[in-house]
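Chemist: Sharing a model that was predicted from the sequence below.
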Amino acid sequence: MNSYKNPLEERYSSEEMLYNFSHNNKFQTWRQLWIALAEIEKDLGLDISDEQIQQLKDNATNIDFAKAAEYEKKFRHDVMAHVHAYGDVAPLAKGIIHLGATSAFVGDNTDLIQIKDGLAILKKKLINVMKGLADFAIQYKDMPTLGFTHFQPAQLTTVGKRATLWLQSLILDFEELEFFLETLRFRGVKGTTGTAASFLELFNGDYSKVKTLDKELSKTLTLAPSPIAA
């Protein structure tokens with residue numbers, strides 16, 4: 001009772017939406033990004049072993065939040081705190097976690113993934129609302145009622161007809177939501193300034209491998225490719 005609570009959380013959020021934006025899901029997503037990054041870097045020729053990747057996978061959900069908090073106090077950096085906490089439980093892979101990446105890689109891309117998954121939750125719920133409203137419109141298609149304009153009674157219409165107008169607005173929202181989901185872009189592996197210079201150095205100046213890394217990560221995460229990978 002002595003700390004701030006958001007009414008969007010307390011009153012209105014579903015369990016699945018709360019989990020989607022939870023710390024647990026957020027930091028597990030960071031780890032999935034690091035695993036995907038390591039796998040593709042290995043395929044592109046970097047010195048990363050199957051054993052290292054397997055250890056990352058085996059500990060993807062093994063998050064010690066207390067230890068991460070200790071590291072954050074020490075380093076004053078949330079991403080580095082979780083890199084070290086992950087390295088503690090996957091010591092073979094400690095040197096290749098986050099290899100070549102900046103904080104934006106896990107931070108921004110995780111935000112995009114959570115937004116995408118959150119919108120997918122809304123999409124499912126919106127479909128259910130539209131189905132219910134469509135059924136309501138058909139059920140009451142012959143029931144007369146007064147229409148309104150400028151909050152004044154107007155000519156006769158039916159309850160079903162009015163419901164179809166509400167439904168039309170929801171359909172427009174649904175179409176916009178689908179467009180946003182289809183065009184939501186992966187941020188990619190670019191650094192904070194967008195140059196991808198660290199990866200270019202890792203791949204000895206081979207820019208084609210940087211582009212491949214971006215493309216393959218986008219496929220892994222089911223997001224549209226970032227502009228660098230186009």
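Modeler: Cool, the structure landed. Residues are numbered from 1 along each chain as shown.

Chemist: quick one: contacts for I121?
Modeler: Applying CB atoms under 8 Å, 6 or more residues apart in numbering, we find I121 in contact with S14, E16, M17, N20. Any C-beta I mention is one placed from the backbone N, CA and C, and that applies to glycine too.

Chemist: how much space is there between the nearest residue to the first one once chain neighbours are set aside and K5?
Modeler: With sequence-adjacent residues excluded and distances taken as CB to CB, 6 or more residues apart in numbering, S14 is closest to I121, at 7.3 Å. Computed as CB to CB, to the nearest Å, the I121 to K5 distance reads 21 Å.

Chemist: circling back: which of the contacts of I121 fall within helices?
Modeler: E16, M17, N20 (DSSP state H).

Chemist: Just among these, which is most surrounded?
Modeler: N20 (21 neighbours; other CB atoms under 10 Å).

Chemist: didn't that residue look like it was pressed against G118?
Modeler: Yes - using CB atoms under 8 Å, N20 is in contact with G118, at 5.2 Å.

Chemist: can you map out the helices along the chain?
Modeler: Going by DSSP H, the chain shows helices at 7, 15-20, 23-43, 50-58, 65-75, 78-89, 103-139, 159-183, 197-202, 207-220.

Chemist: could I get those helices as CSV with distance to F151 and mean pLDDT?
Modeler: Compiled in CSV, these are given as follows (distance: least, CB to CB, whole Å; pLDDT from 0 to 100):
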stretch, distance to F151, mean pLDDT
helix 7, 29, 87
helix 15-20, 34, 94
helix 23-43, 44, 96
helix 50-58, 60, 98
helix 65-75, 53, 97
helix 78-89, 51, 98
helix 103-139, 22, 95
helix 159-183, 14, 95
helix 197-202, 60, 92
helix 207-220, 49, 90
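
Chemist: For the ones you listed, could you give me JSON lines that also reports distance to P153?
Modeler: As requested, those are exported to JSON lines (distance: least, CB to CB, whole Å):
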{"stretch": "helix 7", "distance to P153": "36"}
{"stretch": "helix 15-20", "distance to P153": "40"}
{"stretch": "helix 23-43", "distance to P153": "50"}
{"stretch": "helix 50-58", "distance to P153": "65"}
{"stretch": "helix 65-75", "distance to P153": "60"}
{"stretch": "helix 78-89", "distance to P153": "58"}
{"stretch": "helix 103-139", "distance to P153": "21"}
{"stretch": "helix 159-183", "distance to P153": "13"}
{"stretch": "helix 197-202", "distance to P153": "66"}
{"stretch": "helix 207-220", "distance to P153": "55"}
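
Chemist: I am finished for the moment; much appreciated.
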